[in-house]
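K.L.:
Take a look and give me a structure for this.
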Amino acid sequence: MDPIVLWQHKWSADLFIPTYLFLGGLTGGVYIVAAVADLLSLRLRRLEIVSRVAALSAVPILALAGFFLTVHLGKPERGLGFPLFFTNYNSWMTRGGWIVGASAPFVVLYAALWYFRVFPGLRRTLAVIGIPLLAFFSMYTGLLLSGAWYVPVWSSKYLPTLFLTSGLTTGVATVGLIFLLLWPFLGQAVEDSRRVVRFLGVVVAVLIVVELYEVRSFMSYLARGAPDKAVTETTPTGKFQAAMGSRLAYEYVTGGDGYSWKLFKKPVAEAVETVKPRKTLAPWFWYGIIGIGLALPLLLTLFEIVPKLLPRFSLQIAALKFALVLIGGYLLRVVIVWGGDLKAPLPYPPSMWPVPGLGGPPIPGLGG
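P.N.:
Predicted coordinates for the structure are as follows:
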């Protein structure tokens with residue numbers, strides 16, 4: 001008995017959801033960078049300016065995330081108060097509303113303390129408390145998607161931690177890029193600025209290695225057909241076959257085994273057509289996430305940390321690297337959200353009995 005594969009074209013036509021998921025994770029990442037740099041500045045004074053830049057940057061990023069979220073809800077005036085009116089406390093939509101409601105004041109208050117340069121003890125206390133809270137804020141975006149259960153790409157096992165790591169990676173890259181743009185106006189010595197940028201570049205490289213490992217583990221998990229616990233829950237309509245759905249999701253996202261080499265051997269359009277029954281997200285995955293967002297920035301780190309290779313362009317290379325990480329982080333959300341078009345298949349084919357003339361009731365007027 002062949003299973004039904006459930007497809008839709010809803011998520012692949014949407015950019016609002018990837019945008020606010022990206023900005024939400026980025027807010028958490030930037031805040032954590034600010035908090036950690038603030039604590040480390042007790043020993044490394046040059047990181048104090050990094051913390052201040054990051055803290056002030058987190059506020060407009062949070063505002064943008066809230067803007068895209070409330071507009072996408074359809075009724076922004078109701079969206080602003082949805083954590084207070086939702087009563088389904090088992091839903092990550094409701095829990096997420098409370099997480100956002102708790103995190104936003106921390107971001108704003110922490111930035112205000114840095115802006116006015118007052119109460120450093122209170123500021124660092126907020127930093128310590130806010131690190132786990134904002135880490136959960138970044139993870140929540142993955143938990144929100146994984147609550148769908150029957151979408152193999154929205155894995156509750158891998159997506160939350162992957163979104164957290166990506167939020168940290170893009171957060172460090174954002175702070176580094178903003179610092180590079182503002183350092184002539186920050187009153188910092190050129191050599192101190194280079195050291196800060198080099199430090200942030202090394203941190204990004206370490207996080208990229210971790211993220212590459214998580215992506216590889218996630219895709220291997222899908223390729224093995226290992227189901228999420230939530231996906232195998234019995235539903236009123238039957239039992240979703242997560243193993244089958246996971247393998248299909250692996251092919252849909254990556255193109256299947258050996259697909260990455262096909263992209264180098266033939267045109268993208270021709271490679272896409274080799275994936276059945278429909279086109280694939282593989283070019284976005286391999287060129288966008290792996291290539292632009294992870295592999296190329298990791299390669300640029302070599303030129304960044306070894307100034308003798310390109311001494312005159314180390315800062316420009318760092319800026320390019322940080323920008324590529326941001327592009328890759330956004331494309332990660334795009335591919336994950338668009339991957340929601342594939343649902344786990346059901347173990348039974350559609351019933352044709354109710355259709356008149358196809359094994360069902362007779363067609364009126366033609367006898368039976």
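K.L.:
When you work out contacts or count neighbours from here on, use the C-alpha atoms and nothing else.
P.N.:
OK.
K.L.:
what about the helices in the stretch 101-250 of the chain?
P.N.:
Defined through DSSP state H, counting those that start in this stretch, the helices belonging to the stretch 101-250 of the chain, from first to last, are 120-146, 159-182, 190-224, 242-254.
K.L.:
Between helix 190-224 and the second one, find me the angle.
P.N.:
On the basis of axes from the mean of the first three to the mean of the last three C-alpha atoms, to 10 degrees, helix 159-182 is oriented at 160 degrees to helix 190-224.
K.L.:
buried ones in helix 159-182?
P.N.:
159-180 (16 or more other C-alpha atoms under 10 Å).
K.L.:
what is the orientation angle of it with helix 120-146?
P.N.:
130 degrees.
K.L.:
elements contacting helix 159-182?
P.N.:
Counting by 3 or more C-alpha pairs under 8 Å, 6 or more residues apart in numbering; DSSP states H and E, the packing neighbours recorded for helix 159-182 are helix 16-40, helix 47-72, helix 120-146, helix 190-224, helix 314-338.
K.L.:
Mean pLDDT and distance to Lys321 for the helices of the stretch 101-250 of the chain - can I get that in JSON lines?
P.N.:
JSON lines is the format used below for the helices of the stretch 101-250 of the chain (pLDDT from 0 to 100; distance: least, C-alpha to C-alpha, whole Å):
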{"stretch": "helix 120-146", "mean pLDDT": "92", "distance to Lys321": "22"}
{"stretch": "helix 159-182", "mean pLDDT": "95", "distance to Lys321": "8"}
{"stretch": "helix 190-224", "mean pLDDT": "90", "distance to Lys321": "8"}
{"stretch": "helix 242-254", "mean pLDDT": "76", "distance to Lys321": "24"}
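K.L.:
Figure out which of the ones you listed is closest to Leu296.
P.N.:
Each of the helices of the stretch 101-250 of the chain was checked against Leu296 via C-alpha to C-alpha, and the shortest separation belongs to helix 190-224, namely 10.4 Å.
K.L.:
for that closest one, which positions count as buried?
P.N.:
Of the residues in helix 190-224, 193-194, 196-198, 200-202, 204-205, 207-208, 210-212, 214-215, 218-219, 221-223 count as buried by neighbour count, 16+ other C-alpha under 10 Å.
K.L.:
so which of the helices of the stretch 101-250 of the chain comes closest to Val30?
P.N.:
Among these, helix 159-182 sits nearest to Val30 (C-alpha to C-alpha), with 4.3 Å.
K.L.:
check contacts around the closest residue to Glu211 other than its chain neighbours.
P.N.:
Sequence neighbours aside, Thr165 is the residue nearest to Glu211 in space, at 6.2 Å (criterion: C-alpha to C-alpha, 6 or more residues apart in numbering). When contacts are counted by C-alpha atoms under 8 Å, 6 or more residues apart in numbering, Thr165 touches Leu207, Val210, Glu211.
K.L.:
of the residues you listed, closest to Phe119?
P.N.:
The closest of the contacts of Thr165, once distances to Phe119 are taken by C-alpha to C-alpha, is Leu207, at 31.7 Å.
K.L.:
Sketch out the low-pLDDT regions of this structure for me.
P.N.:
1-13, 74-94, 149, 187-192, 226-245, 261-279, 306-312, 344-368 (pLDDT under 70).
K.L.:
Kindly recompute the last result at 90.
P.N.:
Low-confidence segments of the chain, defined by pLDDT under 90, span residues 1-17, 43-47, 66-102, 140-157, 180-198, 222-252, 255-283, 301-317, 339-368.
K.L.:
my read: Ser138 touches Gly24, true?
P.N.:
Yes: assessed by C-alpha atoms under 8 Å, Ser138 is found in contact with Gly24 at 6.4 Å.
K.L.:
any idea how far Pro120 is from the residue nearest to Glu211?
P.N.:
Using C-alpha to C-alpha, to the nearest Å, we find Thr165 at a distance of 28 Å from Pro120.
K.L.:
for Val334, same thing?
P.N.:
39 Å.
K.L.:
higher neighbour count, Ser138 and Gly24?
P.N.:
The residue with more neighbours, out of Ser138 and Gly24, is Ser138; 30 against 26, by other C-alpha atoms under 10 Å.
K.L.:
Give the full set of residues in contact with Pro18.
P.N.:
Contacts for Pro18 (C-alpha under 8 Å, 6+ apart) come out as Tyr330, Arg333, Val334, Val337.
K.L.:
Just the buried residues of these.
P.N.:
Judged by neighbour count, with 16+ other C-alpha under 10 Å as the criterion, the buried members of these are Tyr330, Arg333, Val334, Val337.
K.L.:
could those residues go into JSON lines alongside distance to Tyr31?
P.N.:
Below are the buried ones among the contacts of Pro18 laid out as JSON lines (distance: C-alpha to C-alpha, whole Å):
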{"residue": "Tyr330", "distance to Tyr31": "18"}
{"residue": "Arg333", "distance to Tyr31": "20"}
{"residue": "Val334", "distance to Tyr31": "23"}
{"residue": "Val337", "distance to Tyr31": "24"}
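K.L.:
I appreciate the help and will end here.
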